[in-house]
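*Asks:* Sequence and predicted structure, then a few things I'm wondering about:
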Amino acid sequence: MNARIVVATIGLLTLIFGIAGLTMPTTVMQWVGFAEYAPTTHQGAIEARAVYGGAFVVLGAFTLWFATAPRAHRGELVLIAFLWLGLFGGRMVGISIEGSTGIFNWLGALLELTVGCLLLAAAYLDAGEHVTAVAAAPPA
């Protein structure tokens, strides 16, 4: 598994989803099950643009940037991985309280868990980056 390819792919897909959230908030609201709020209030579209648009554009852009040197950005990748795993955890809490409302919740959970785990693994893989060890100077 090449860490750069994994991280770049996740970053690109996240960025595309974010751009969709910014440009087509009503469609994204339908994808995530909030369609009933879309036609009746502008607040729903604004919220979709903020969360599914703005936040995911930034998340995707930074993930793409970190793909250039995954080992150098290990801490940042771990943070992003845990954001995805937090989405998964929140979804699981929701499913346990509300019950499963269909296949899309389970597909969303699978996506969030997979992305979180892949990013976590990529943070610790050798991505072909060579870190040169510098010998310490001898004591004076």
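*Replies:* Sure thing, it's come through.

*Asks:* Going by C-alpha atoms from here, please, whenever you check contacts or count neighbours.
*Replies:* OK.

*Asks:* buried ones in the strand or helix carrying G60?
*Replies:* Using DSSP states H and E, G60 sits within helix 56-66. Residues F56, V57, V58, L59, G60, A61, F62, T63, L64, F66 are the ones in helix 56-66 that count as buried (16 or more other C-alpha atoms under 10 Å).

*Asks:* ok, and what's touching the next helix or strand after that helix?
*Replies:* Once the chain leaves helix 56-66, the next helix or strand it forms, by DSSP H and E, is helix 74-98. Defining contact as C-alpha atoms under 8 Å, 6 or more residues apart in numbering, one finds that helix 74-98 is touched by 59, 63, 66, 70, 101, 105, 108-110, 112-113, 115-120, 123-124.

*Asks:* where does the protein have low pLDDT?
*Replies:* 37-41, 126-138, 140 (pLDDT under 70).

*Asks:* which residue is nearest the centroid of it?
*Replies:* The centre of the chain sits closest to W84, judged by C-alpha atoms, centre = their mean, with a distance of 5.1 Å.

*Asks:* distance of that residue from G116?
*Replies:* Separation of W84 from G116 (C-alpha to C-alpha, to the nearest Å): 5 Å.

*Asks:* How about I5?
*Replies:* Following C-alpha to C-alpha, the distance that separates I5 from G116 is 15 Å.

*Asks:* the more surrounded of the two?
*Replies:* With neighbours defined as other C-alpha atoms under 10 Å, I5 and G116 compare such that G116 has more, 25 against 15.

*Asks:* List the single closest residue to that one in space, sequence neighbours excluded.
*Replies:* Once flanking residues are discounted, G116 sits nearest to A81: 4.3 Å by C-alpha to C-alpha, 6 or more residues apart in numbering.

*Asks:* Next, count neighbours for the one you found.
*Replies:* 25.

*Asks:* Begin at 329 from now on, thanks
*Replies:* Okay, residue one is now 329; in that scheme the one you just asked about reads as A409.
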